[in-house]
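1. okay, predicted coordinates and the sequence, questions at the end:
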Amino acid sequence: MNTQPAERPDRLACETVHARESLILAPYAMHSARSAGRRYREPEHPYRSPFARDRDRIVHSAAFRRLSGKTQVFTGNLGDYHRTRLTHTMEVASIARTIGRTLRLNEDLIEALALAHDVGHPPFGHAGEDILDGCLHGKGGFNHNRQALRVFELLETRYAAFPGLNLSLEVLQSQAARAHKEAPRHPPLLEAQVVDAADSVAYTTHDADDALELGLLELEEMLQWPMWNEAAGRVRRRCSGLTRAQLRRAVVHQLIDWQVGDLVDTGRQRLAPYVETAAGSQTQQNVRLAPSTDVAEQKAALENLLYQRVYRHPSVLAVRQRAQSALRAMYQALLAEPDRLPAKFRGRAAEDGSARAVSDYLAGMTDRFAVRAFVHRFPEHARDWPGETGVIE
Ligand code: MG
């Protein structure tokens, strides 16, 4: 009996990245054959697409690894269940790939953008971002989306031939569009829109899940909100006799599945007129991928609840205050004595000024590194600091 697999007629066509993409991707997707390339020219890789190569460069960067030690919303002292910036990033990539594959978009590009999207976050989440932005007031400010571009273009030093990671221009432009959401220089690619939507699905759902686990919210309170109530109803119709913990986790899964299904349905409707078109550039400019009006309204209410009850919770605010006082003190001390910066950042100070170099140094730190640096390298400022007992870790 012949056990050899049958020869597939498209085998030869699948032998190159571009041919494989032309078989799999919709015409409106960002095909790598249409990429504008990289700032520093490089030969194409024999079997990885340009965007798969971008993804690999991001994963192998120091800034990406450090996401494991950076706060998403809750710092380590509150427990060990909740998301870090890295696990949030992995969840965004997972959700975005599901949506992108279903809409036949470029999954390699989506994965690269998702893994890149929070690389510019400083330690201590938005608390750290706010303090650096205040320190750089009148000097360009600080924003994690813009910082990611500095990481990709300047601060990563892994390759001899060029500064940064020399990512494809589509990745850099998509990140720039995140940084300038009000007036993007380029309309966001569909792949970038999918990552934005997946980020929003991930954080609204998982921040609530984390807050419930940490006892900052009660399940009964969440179930009073229409979106959680509706999701719980769907779960209960499928399974009965669930414990509170089982119900909570099932509701979280249901909420993600519901929102992803909604994005896929609305995306399919909006992209339907373009399925048969030959070129994708017009579609990339004209279609907006977003939740349906009903889901968007319910989600906005949930985001408001999270803001009021979780992001402003006294436990979160107390950590925020300690983190901010440490970062501010380090910023001021290093600005007064830039010679205390590591050599790499003294070099950046010569190029971009001391304020920006100090902010680059501080933004690259993990939460733990920042606390230790503050306590051990700046004892004169840390003496009366309430986090010195280690409570912030
Ligand atoms: Mg995010």
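-> Thanks, I have the structure now. Numbering: from 1, shown residues only.

2. show me which residues of this protein sit near the ion.
-> Selection of the chain residues close to the ion by CB under 5 Å from the ion yields 118, 199. Backbone N, C-alpha and C define where each C-beta goes, glycine included.

3. so where is the chain shaky, pLDDT-wise?
-> Across the chain, the ranges flagged by pLDDT under 70 are 1-15, 75-79, 182-186, 278-285, 384, 386-393.

4. mind naming the longest helix for it?
-> Taking DSSP state H as the criterion, the chain has its longest helix at helix 244-271.

5. quick one: residue 46 from residue 111, how far?
-> Residue 46 sits 20 Å away from residue 111, taking CB to CB, to the nearest Å as the criterion.

6. more crowded one of these two?
-> Using other CB atoms under 10 Å as the criterion, residue 46 and residue 111 rank with residue 111 on top: 24 against 7.

7. residue contacts, that one?
-> Counting by CB atoms under 8 Å, 6 or more residues apart in numbering, residue 111 touches 51-52, 55, 93, 96-97.

8. check which helix or strand covers it.
-> helix 107-116 (DSSP states H and E).

9. which strands and helices sit next to the helix or strand that that helix is followed by?
-> Next helix or strand after helix 107-116 toward the C-terminus (DSSP H and E): helix 125-135. When contacts are defined as 3 or more CB pairs under 8 Å, 6 or more residues apart in numbering; DSSP states H and E, helix 125-135 packs onto helix 314-336, helix 354-363.

10. could you redo the last one with a cut-off of 6 Å?
-> Applying 3 or more CB pairs under 6 Å, 6 or more residues apart in numbering; DSSP states H and E, we find helix 125-135 packed against helix 314-336.

11. quick revisit: so which elements touch the longest helix of the chain?
-> Contact analysis of helix 244-271 by 3+ CB pairs under 6 Å, 6+ apart lists helix 85-102, helix 190-213, helix 226-238 as its packing neighbours.

12. chain center to that helix: distance?
-> 19 Å (CA atoms, centre = their mean, to the nearest Å).

13. list the buried residues in it.
-> Of all the residues in helix 244-271, those buried under the rule 16 or more other CB atoms under 10 Å are 247-252, 254-256, 258-260, 262-264, 266-267, 270-271.

14. and residue 210, how far from residue 80?
-> Taking CB to CB, one finds residue 210 at 11 Å from residue 80.

15. which one of the two has more residues nearby?
-> Per other CB under 10 Å, whichever of residue 210 and residue 80 has more neighbours is residue 210, with 22 against 6.

16. the more buried one against residue 82, yeah?
-> Yes: under the criterion of CB atoms under 6 Å, residue 210 makes contact with residue 82 at 3.8 Å.

17. can you list residues touching both of those two?
-> Common neighbours of residue 210 and residue 82 are listed as residue 74 (criterion: CB atoms under 6 Å, 6 or more residues apart in numbering).

18. could you give the angle of the longest helix of the chain to helix 190-213?
-> Between helix 244-271 and helix 190-213, the angle comes out at 160 degrees (axes from the mean of the first three to the mean of the last three CA atoms, to 10 degrees).

19. how many residues are close by residue 197?
-> 23.

20. going forward, count from 11.
-> Understood, numbering begins at 11; the last thing we discussed is residue 207.

21. that one contacts residue 273, correct?
-> Yes: using CB under 6 Å, residue 207 is in contact with residue 273, at 5.4 Å.

22. show me which pair in the contacts of residue 121 is furthest apart.
-> Taking CB to CB as the measure, the contacts of residue 121 span a maximum distance of 15.1 Å, between 62 and 106.
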